[in-house]
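K.L.:
Give me a 3D structure for the following:
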Amino acid sequence: MRFRSRHSAAVADGDMTPMIDMAFQLIAFFMVVINFAGANQDERIHLPLSELAKPPEAPFELPITLQLDAQGMVIVAGEMIPVARVKPLLRREREFIEYRGGKPSEATIIIRADARARTGLVQELIKACQDTGYEKFAVAAKQQEED
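P.N.:
The predicted structure follows:
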C-alpha cells in the first residue's frame, strides 16, 4: 500500500545577502582590531637580535610599554622624555592602576630598547621602575633566524 503525500515539497530559497553582509562586517572589525595590536610599537626602535628571544606564552595582564631609542630618550604614548624624568610618569600610572582596583605588582613593564641604546640606560630605566614599585619586567628582542 502506497501513501500519497497531500502536500508537495516546496524548495526554500534562502537570501544570502545578510550572511555576506555580516561576513564583511566581521572582516572589517578584525582588520581594525589587528591594527591596534601594533600601536605599542615604534618604527624608530630597532630591537636587538637574540637566539633566546621568544614570544610570551600568554598576553600580559597589565602591560606598560616603555621604548628606549638610540639617543637615550624614552617614548611613552608618543611622547619623548629622558630616562631621568620617567619616575613621575610611572607613579601616575601606578596611581591609575590602584584607582582601578588593580595591583601595580601585577603590572608588567615591557622595555623595547633600541639595539644601539647604551646598556646602562636600560639598567637606569629598570631601576626607575623598581623605585616606583614595579616588579615584573620583559625586555623585547627580535628572534634571530636560524641558518
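K.L.:
Residues contacting stretch 47-66, please?
P.N.:
Contacting residues not belonging to stretch 47-66 are listed as 40, 74-76, 86, 90, 93, 97, 102, 106-115, 125, 129, 134, 138, 140-144 [CB atoms under 8 Å, 6 or more residues apart in numbering]. All C-beta atoms are positioned from the backbone trio N, CA, C, and that covers glycine.
K.L.:
among these, which are in helices?
P.N.:
In helices, defined here by DSSP state H, the members of these are 90, 93, 97, 125, 129.
K.L.:
measure the fourth one to residue 113 for me?
P.N.:
Think residue 125. 8 Å (CB to CB, to the nearest Å).
K.L.:
So for those two, which sits in the more crowded spot?
P.N.:
Shown here are residue 125 and residue 113; by other CB atoms under 10 Å, residue 113 has more neighbours (25 against 22).
K.L.:
Can you say which of the contacts of stretch 47-66 are buried?
P.N.:
For the contacts of stretch 47-66, a burial check counting by 16 or more other CB atoms under 10 Å picks out 74-76, 86, 90, 93, 97, 107-114, 125, 129, 134, 140-141.
K.L.:
quick one: average confidence on the longest helix along the chain?
P.N.:
Among the segments of the chain that qualify as a helix by DSSP H, the longest is helix 17-37. Across helix 17-37, pLDDT averages out at 82.
K.L.:
next one: stretch 119-127
P.N.:
Per-residue pLDDT over stretch 119-127 has a mean of 89.
K.L.:
same thing with stretch 87-107?
P.N.:
Stretch 87-107 comes out at a mean pLDDT of 88.
K.L.:
tell me how far it is from the chain's mean position?
P.N.:
From the chain centre to the centre of stretch 87-107 is a distance of 18 Å (CA atoms, centre = their mean, to the nearest Å).
K.L.:
Any chance you could list what contacts that stretch?
P.N.:
The contact list for stretch 87-107 (CB under 8 Å, 6+ apart) reads 61-64, 76, 81, 128-129, 131-136.
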